[in-house]
Every structure is written in structure tokens, then in C-alpha cells.
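In: structure for the following, please:
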Amino acid sequence: MPDQPPPAGDQFVQSLARGLSVIRAFDHDHPEMTLSEVAARVGFSRATARRFLHTLVELDYVRTDGRTFALTPQVLRLGTAYLSGLALPDVAQPHLEQLSATVGESTSAAVLDRDDVVYVARVATRRIMSVGITVGTRFPAYATSMGRVLLAALPTEELETYLAEVTLRPLTPHALADVEALRDELAQVRDRGWAAVDQELEPGLRSIAAPVRNKEGAVVAALNVSASTSSVGVDDLVGAALPALLETAARVGDDLALTRP
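Out: Residues are numbered from 1 along each chain as shown. Next up, the predicted model:
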């Protein structure tokens with residue numbers, strides 16, 4: 001089910017929130033839906049869902065064949081507006097390319113958005129997941145190395161809120177299955193300064209991640225190196241790629257500092 005809007009304040013525009021919830025109803029598992037399916041996912045009546053869908057059709061954010069609805073490429077403009085104001089992708093991309101060339105594996109950068117990581121830059125050496133990863137791809141933070149780096153850096157109160165509210169859905173037999181195990185893992189990540197995930201997001205995929213810090217020392221993003229289990233063991237990946245990954249993350253942080261007054 002898509003995220004529900006926060007409680008309304010006196011400046012809250014409910015119609016805008018509802019329209020955005022309709023857009024968020026479409027995802028990888030629901031790329032195309034009928035009116036009834038959209039209404040069920042967002043918790044609206046059919047009449048309300050119909051009005052929002054047809055408004056989005058008129059604005060060219062949604063297309064319809066008369067029976068089903070789907071997003072159009074126009075929705076990418078919503079993300080582009082954010083990315084165009086974010087220095088991180090431009091700063092990180094050349095560093096990721098150099099890191100990928102050094103270690104011979106795919107590299108990425110991501111930020112935390114509520115309970116998910118969102119990819120903002122990537123260099124792929126080969127396809128190592130069944131789902132293609134591009135800028136804008138989202139995954140549950142708890143299941144990824146970059147997500148764990150970012151979660152481990154949260155202030156204590158924010159992390160406790162996250163752990164109290166998150167529902168862990170193990171994506172593979174190797175995944176952590178309970179909150180206490182995740183809490184312990186995040187504590188280790190915080191202590192050592194990097195994270196490793198072995199086949200928890202998808203079978204056959206392992207990765208390591210390191211934090212990117214701003215000039216005040218706060219973690220603002222994460223970088224990773226990901227590889228197929230058929231190409232390298234997790235200990236070998238750490239041994240071969242971690243020093244370069246940590247150095248790259250530090251360089252990205254230094255360059256980000258130069259872009260901000």
C-alpha cells in the first residue's frame with residue numbers, strides 16, 4: 001500500500017496529497033491498474049479515484065486505454081526537479097566511474113527517503129539483478145548496504161521511531177527477519193563505519209557501502225560497490241574494494257563541501 005499522507009495541519013492541501021497518493025499507487029508490482037484497483041490501493045471511493053485519475057490524464061501524467069491506467073514518462077519531471085537541485089549526482093558520478101574502473105564492479109550512490117533508499121547515481125559494469133537499477137530506483141533501506149549505512153547514521157530518536165514502525169519483509173532466505181537483529185547490525189555498522197549485505201536484497205547479489213559526510217560530519221548519502229556472488233566472495237569484496245570505497249566516499253564529501261557556501 002502506498003505511503004499515507006501525514007496528519008493534516010492548517011496549511012495542508014488535502015486534494016494535492018490525494019493526487020500524489022494516486023501517482024504513488026503505481027509501482028514495479030502495479031505498473032498498470034484498473035480504476036477499482038487504484039481506488040483500493042489508495043483507499044478512495046471509485047468516484048474520487050476516477051476524478052483524480054482523469055485529472056492526471058488531462059495533465060499527461062497518466063494514460064488510459066479506457067479500462068486500465070498507467071503512468072507516463074511525464075512523471076519523471078517531478079523527480080528531475082529534485083535531482084536538478086541536488087549537487088550529489090553530478091559530484092558523485094565521476095567518482096563512481098573511477099571507483100568502478102578501479103574495482104571492476106558496479107557502483108552507486110543513494111540517499112534515504114523515509115523507509116527507502118533512492119538511487120541518485122550509478123555505474124553498472126553488468127546486469128547483476130533481475131530488476132534493472134536506474135536513477136530513481138527505490139529499495140527498502142533495511143535490505144541494502146547503503147540503506148543500513150544511512151539508517152545507522154540517524155539520530156537515536158529517529159532510528160528508534162523507524163525500528164518501532166518498520167515491517168521487515170525478508171526478501172531472500174539470507175535476510176534478517178526481526179527488528180532486534182537489524183538493531184544489532186546497525187550498531188555494528190555505526191561502529192565500523194561501513195556495511196556489507198550478502199544476498200539479502202536478491203539471491204546472488206552482495207554489496208558493501210560507506211557513508212558520504214558533509215563538512216559538518218553529518219551523513220548525507222551513501223556509496224556502494226555491488227557484485228555477483230559468482231564473481232567474488234563477500235570477504236574478498238571487502239578486502240579488495242573497501243579501501244577504495246572509503247576513499248571515494250571521502251572525496252565525494254570533500255567535493256560536495258566545495259559546492260555549498
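
In: residue 134 and residue 121 touch, don't they?
Out: No. Using Cβ atoms under 8 Å, residue 134 is not in contact with residue 121, being 10.4 Å away. (Glycine included, C-beta is placed from N, CA and C.)

In: all the helices of this structure, in order from the start?
Out: Using DSSP state H, the helices found in the chain span residues 14-24, 35-42, 46-58, 76-84, 87-103, 145-152, 156-165, 179-192, 234-259.

In: of residue 134 and residue 121, who's got more company?
Out: The neighbour comparison of residue 134 against residue 121 (other Cβ atoms under 10 Å) goes to residue 121, with 24 against 9.

In: measure the more buried one to residue 136 for me?
Out: Distance of residue 121 to residue 136, given as Cβ to Cβ, to the nearest Å: 11 Å.

In: check residue 148 too.
Out: Computed as Cβ to Cβ, the residue 148 to residue 136 distance reads 21 Å.

In: the helices of the chain: lowest mean pLDDT?
Out: With a mean of 63, helix 76-84 has the lowest mean pLDDT of the helices of the chain.

In: ok, residues contacting stretch 33-42?
Out: Stretch 33-42 is contacted from outside by 1-2, 18, 21-22, 25-26, 30, 44-46, 48-50, 53, 67-70, using Cβ atoms under 8 Å, 6 or more residues apart in numbering.

In: make it 10 Å
Out: 1-2, 4, 18, 21-27, 30, 44-50, 52-54, 62, 64, 67-70 (Cβ atoms under 10 Å, 6 or more residues apart in numbering).

In: with stretch 67-82 instead?
Out: Residues beyond stretch 67-82 that count as contacts (Cβ under 10 Å, 6+ apart) turn out to be 20, 22-23, 25-27, 30-35, 37-38, 49-50, 53-54, 56-57, 59-64, 83-84, 111, 113, 118, 120, 135-136.

In: and the closest residue to residue 145 other than its chain neighbours, what are its bridge partners?
Out: Leaving out its chain neighbours, the residue that sits closest to residue 145 by Cβ to Cβ, 6 or more residues apart in numbering is residue 209, at 3.6 Å. Listed by DSSP bridges, the beta-bridge partners for residue 209 are residue 195, residue 224.
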